[in-house]
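Attaching a predicted model along with its sequence, questions to come.
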Amino acid sequence: DMTSLVALLSVCSLGITLAAEDILGNVAGGLVILSSHPFSLGDFIEVNGTTGTVQEINLNHTKLVTLDGYMALLPNKELAASKIINYTLLGRRRITWKLGIPYDASAGEVKAACQEALYKTPGILEDPAPSICLTDFGGSAVEYTVFCWAVTADYWTVRCELGERLKEAAEAQGVEISYN
């Protein structure tokens with residue numbers, strides 16, 4: 001009876017097709033990534049909440065080394081369909097520092113302290129120029145935000161250095177940094 005044999009072959013081929021779907025999807029995603037070049041080896045990227053440096057790109061998955069030193073294997077099927085942020089591609093990154101300052105502090109003193117910190121921090125790019133903006137009126141403090149740019153390779157060093165300089169400059173100007 002051929003009906004049983006055809007049914008058995010149909011069920012087997014369906015099972016094989018479903019099992020191969022993820023593999024074929026990852027290979028297709030890998031081909032999309034390799035052809036469109038949204039990132040390269042050594043780039044620092046963020047995908048679906050995972051950030052890290054691209055260590056390997058193959059047809060099935062992409063390997064990222066995270067900031068915590070973990071290896072993350074991302075399936076190319078999901079990677080190709082996700083929003084990818086490439087922090088390395090443009091060669092520079094914006095640094096943002098937010099400071100809560102008491103309402104009684106002078107805006108001129110706050111901006112002078114921030115300017116001093118920017119001036120004393122090595123690695124801050126002059127173009128685009130750094131800026132200091134009053135960005136929010138909170139329940140217990142006025143929020144100022146310092147924006148500046150650094151070369152991608154120096155981002156973390158410059159960001160940490162600027163934080164220290166902002167605290168020192170605020171203390172030197174007599175500007176208190178608020179906390180809840």
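Done, it's in.

most centrally placed residue in the protein?
Residue closest to the average C-alpha location in the chain (C-alpha atoms, centre = their mean): Glu46, at 5.0 Å.

so where's the chain uncertain?
For the chain, residues meeting the criterion pLDDT under 70 lie at 1, 20-21, 24, 26, 180.

Can you show me the helices along it?
2-36, 76-80, 107-120, 155-173 (DSSP state H).

how far out from the middle of the chain is the first one?
Pointing back at helix 2-36 there. Distance of helix 2-36 from its chain centroid, counting by C-alpha atoms, centre = their mean, to the nearest Å, is 35 Å.

Quick check: buried residues in it?
For helix 2-36, a neighbour-count test (16 or more other C-beta atoms under 10 Å) marks 25-27, 29-30, 33 as buried. The way it works is simple: take the backbone N, C-alpha and C, and place the C-beta from them, glycine included.

now the second one
Buried residues in helix 76-80, counted by 16+ other C-beta under 10 Å: 76-77, 79-80.

Save those as TSV, and put in distance to Thr17 too.
TSV is the format used below for these (distance: C-beta to C-beta, whole Å):
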residue	distance to Thr17
Asn76	19
Lys77	16
Leu79	23
Ala80	20
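
got a list of what the closest residue to Tyr70 other than its chain neighbours touches?
Spatially, and ignoring its direct neighbours in sequence, Tyr70 is nearest to Gly52 (8.0 Å; C-beta to C-beta, 6 or more residues apart in numbering). Counting by C-beta atoms under 8 Å, 6 or more residues apart in numbering, Gly52 makes contact with 44-45, 64-67, 70, 72.

one step back: among the helices of the chain, which comes closest to Val142?
Closest to Val142 of the helices of the chain is helix 107-120 (C-beta to C-beta; 8.1 Å).

Going by contacts, tell me the helices and strands next to the closest one.
Under the contact criterion of 3 or more C-beta pairs under 8 Å, 6 or more residues apart in numbering; DSSP states H and E, helix 107-120 touches strand 92-101, strand 131-137, strand 142-151, helix 155-173.

Please identify the most buried of these.
Mean neighbour count (mean count of other C-beta atoms under 10 Å) peaks for strand 142-151 among the helices and strands packed on helix 107-120, with a mean of 19.

from the middle of its chain, how far away would it be?
Worked out by C-alpha atoms, centre = their mean, strand 142-151 lies 16 Å from the chain centre.

just stretch 117-137 next, same as before
Here stretch 117-137 shows a centroid-to-chain-centroid distance of 20 Å under the convention C-alpha atoms, centre = their mean.

Residues touching that stretch, excluding its own?
With contacts defined as C-beta under 8 Å, 6+ apart, stretch 117-137 is touched by 92, 95, 98, 107, 110-111, 114-115, 142-151, 154, 157-158, 161-162, 165-166, 168-170.

Fine, thanks again, bye for now.
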